[in-house]
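Peer 1: Sequence first, then the predicted structure, then my questions.
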Amino acid sequence: MDAVFLARLQFALTALFHFIFVPLTLGLSVLVAIMETRYVKTGDETYLRMTKFFGKLFLINFALGLVTGITLEFQFGMNWARYSKFMGDIFGPPLAIEATAAFFLESTFLGVWIFGWKKVSKSMHAISMWLVAFGTSVSALWILVANAWMQHPVGYVIRNGRAEFTNFIAAVTQPYAILKFLHTVTAGYVVGAFFVMGVSAYHLLRNRDVDLFKKAFKIGAGFGIFATIVVFLIGDFHAAEVAETQPTKFAAMESVWNTEKSAPMYLFMFPDEKNQKNTVEVIGIPKMLSMLAYHDPNATVKGLKDFPKGDRPPVTITFISFRSMVILGTLFILLSLFAFYLIRKDKLLDKKWFLKMMIWAIPLPYIAIELGWVVAEVGRQPWIVYGLMKTADATSTAVTIPQIIMSLVGFVVLYGALGIIDIYLLIKYAKKGPESAKAEAVKGG
Amino acid sequence: MLNTVWFAIWGLLWAVYFMLDGFDFGAGILHPFVAKNDIERRMVINTLGPVWDGNEVWLITAGGVTFAAFPTTYAYMFSYLYTPLFFILFALILRGVSFEFRGKIESAGWAKMWDFVIFFFSFIPALLFGVAFGNIFEGLPMDANGYHGTLIKLLNPYGLLTGVLFVLLFLEHGALWLAIKATGEVSERSKAFANKNWPVLLIVAVLFLIYTKFATKLYDNYFANPIWFIVPAIAVVSLLMIKVFAKSSYVKAFYASCLTILGVVFTGIVGLYPNLIPSSIDAAHSLTAFNSSSSPYTLKLMFIVVVIFVPIVIAYQIWAYKVFSSPVTEDELNDKEVETY
């Protein structure tokens, strides 16, 4: 095991762990804000209890997202000093802007939201959650602008042995950044929608608080239809942008070995990296890949063999991750549409199997999101900054292997323990149901 | 000029961070001692609840700004101080989740465990931040071949003294915070502690100022431009004012304590200029506001960002502090309709 591998492993683990909690924060903040707004507008106490119930789950989840984010900011300097030195001029600003423009907003108004039930007006309280949701999305914007730059550098010059900004606006407005932002945020909305639907399904199956959870399920389903379709469409444009800007990543995502005009897409295939071919290729759809990549059936798709072996990313893992993500994304649309259909026909409570399925569907959007990050980051290899800096040249020279092993083991133990506690608490409080509902149940029973 | 402005902003962000998270650390360390039962402990935690998270963002901002304005310093500082930073990170993570986790399982053992976590992992970063800044004041052993320090060398007498100074400053700060934000016994015990801690803090602060003359080159800037002596003077006067105010108003004493922390940090920052991290073995390899900065383009860009956003942030944070200006009472903690930790 070399230092580069260990540093990568640590970054991958800490980033993927952080991103278990961030997407639910992105999605659920908006959903809780919608619930509370309904309460303020209608005065219906059901929505207040709904807000408090999902709000509590939001907070349990938020705590870990917040603290694990600090690790990432520190880690660029701790483990990737040569990267930080080379990229600081460009990578530092979005990070600093994220903190000043987003984190303060998020954390300050979350404090107001948690503790301010009797200290601010009803509307101000609901606005606080909207500000948290807004702050969360703004934070995503800046970190994804930074990540997009690692994928597709623009508006810079190489000077003084490093990349220096010449055009900040270009970096913020480049399609890669915008698409990545929209894709990631809507993916978070999918997580939130499925979370609300799944938790509601659990209680509906047990006939608890039926009115509240039917309403919650409906909010989740409506939001889910919007989010699943948008995330898919943006994903399609995003993939086309990748084909244009990162041909090696795109070729790995689709496991394309030979450059081909009017390239077909195979429904079933599997890469064989050693022999630079696919072992299986069944059910080809003619011209489909060219269509997806360039929105033109006659376009030429570049194959991996056209690139030096040292410039190619690991194909199998990128390919499998991408395929699985797309399959899951399709499934999410179908589930959301069916959920909405059942609500419209008022048949939701009759379809017990579907409610059960929606409980088990809660983890799926998480998996899809993590797979998406694997595609983005593994697919970029061997580059840390596409075309500019190799990952192997980016580590800290002052940090020794024993130091990284110590921190890596520390993170695995700490994150493992915190992850288990947090998920345990989430499940515990999700199953417990809304507070006053319990009192009513006692009264009634 | 821009580099100097950024140096000042860099110092200011750290100073504000210590001024704010300082009372979180102090109250966290104190809470097993000034709060004797569960409801009292919850009272301490709930004085911090609405604000600790926003306070910690100042650290993230200080880190982010170091990255954006002085990337070379960020890269070297964070990789050279890998192990201590890892411990600080660990502590901040555990302290952060402890507020949220503590009350979520109804068991005395569970709460006790997190009480210890809050105490211990408030103490560790308070101490280590002090040790880190003490070492920065002294300079790190770095030259053309990189870094020659070890973890043990960081725990040198001056580094440790600075660590102790930070802990005592934060204890005083946290005690004054609890004096005004808690009620009943907790507030009374905190007042008593603040008064007992003060002379110890004063002695250590004087020792620190003397030892600094021998261990660091911080005073060079002051003797070159004696006008700057006003900064340590503010720190010392504020420290004395804590005692004076404590007789009449703990709110005023708390503000004096805020100013003390700002003064202490800026005493170091002014002495360091233009170095962010001096080299203790080869002055040519000190990391300065000029040789480790971003391009003028990025510095200008970030300056605009800071000028726009930081006043907005300060405005709504002050508003939030005002919303939660009334002290936490036991009645409030027993009110089921109010969310508390």
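Peer 2: Perfect, thanks for sending it. Numbers count the residues shown, from 1 in each chain, chains lettered A, B, ... in the order given.
Peer 1: where do the helices sit along the stretch 101-250 of chain A?
Peer 2: Here the stretch 101-250 of chain A has its helices, by DSSP state H, counting those that start in this stretch, at A:104-115, A:122-151, A:168-173, A:175-205, A:210-245, A:247-253.
Peer 1: Sorry, wrong one. I was asking about the stretch 1-150 of chain B.
Peer 2: Going by DSSP H, counting those that start in this stretch, the stretch 1-150 of chain B shows helices at B:2-34, B:38-48, B:52-69, B:71-80, B:82-102, B:108-138.
Peer 1: Show me what from the stretch 201-341 of chain B comes close to chain A.
Peer 2: Applying CB under 8 Å from any CB of the partner chain, we find that the stretch 201-341 of chain B lies next to chain A at B:294-295, B:297-298, B:301-302, B:305-306, B:309-310, B:313, B:316-317, B:320, B:323-324, B:336-340. Bear in mind the C-beta positions are built from the backbone N, C-alpha and C, glycine included.
Peer 1: give me that answer again for 6 Å
Peer 2: B:294-295, B:297-298, B:301-302, B:305, B:309, B:313, B:316-317, B:320, B:323, B:338-339 (CB under 6 Å from any CB of the partner chain).
Peer 1: Just the helices from the stretch 251-400 of chain A, written as ranges.
Peer 2: Using DSSP H, counting those that start in this stretch, the helices found in the stretch 251-400 of chain A span residues A:288-294, A:315-344, A:352-360, A:363-378.
Peer 1: Would you mind giving these as CSV with mean pLDDT, mean neighbour count and distance to chain B added?
Peer 2: Below are these laid out as CSV (pLDDT from 0 to 100; neighbours: other CB atoms under 10 Å in any protein chain shown; distance: least, CB to the nearest CB, whole Å):
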stretch, mean pLDDT, mean neighbour count, distance to chain B
helix A:288-294, 88, 20, 35
helix A:315-344, 94, 19, 28
helix A:352-360, 94, 16, 22
helix A:363-378, 95, 21, 20
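Peer 1: Mind checking the ones you listed for the one nearest to A:Leu414?
Peer 2: Closest approach to A:Leu414 among these (CB to CB): helix A:363-378, 19.5 Å.
Peer 1: Packing partners of that closest one?
Peer 2: helix A:175-205, helix A:315-344 (3 or more CB pairs under 6 Å, 6 or more residues apart in numbering or on different chains; DSSP states H and E).
Peer 1: Recalculate using a threshold of 8 Å.
Peer 2: Applying 3 or more CB pairs under 8 Å, 6 or more residues apart in numbering or on different chains; DSSP states H and E, one finds that helix A:363-378 contacts helix A:3-42, helix A:175-205, helix A:315-344.
Peer 1: quick one: the second one to helix A:315-344, angle?
Peer 2: In this case it means helix A:175-205. Going by axes from the mean of the first three to the mean of the last three CA atoms, to 10 degrees, helix A:175-205 is angled at 50 degrees with respect to helix A:315-344.
Peer 1: quick revisit: tell me which of the helices of the stretch 101-250 of chain A sits nearest to B:Ile60.
Peer 2: Checking the helices of the stretch 101-250 of chain A against B:Ile60 by CB to CB gives helix A:104-115 as the closest, at 9.2 Å.
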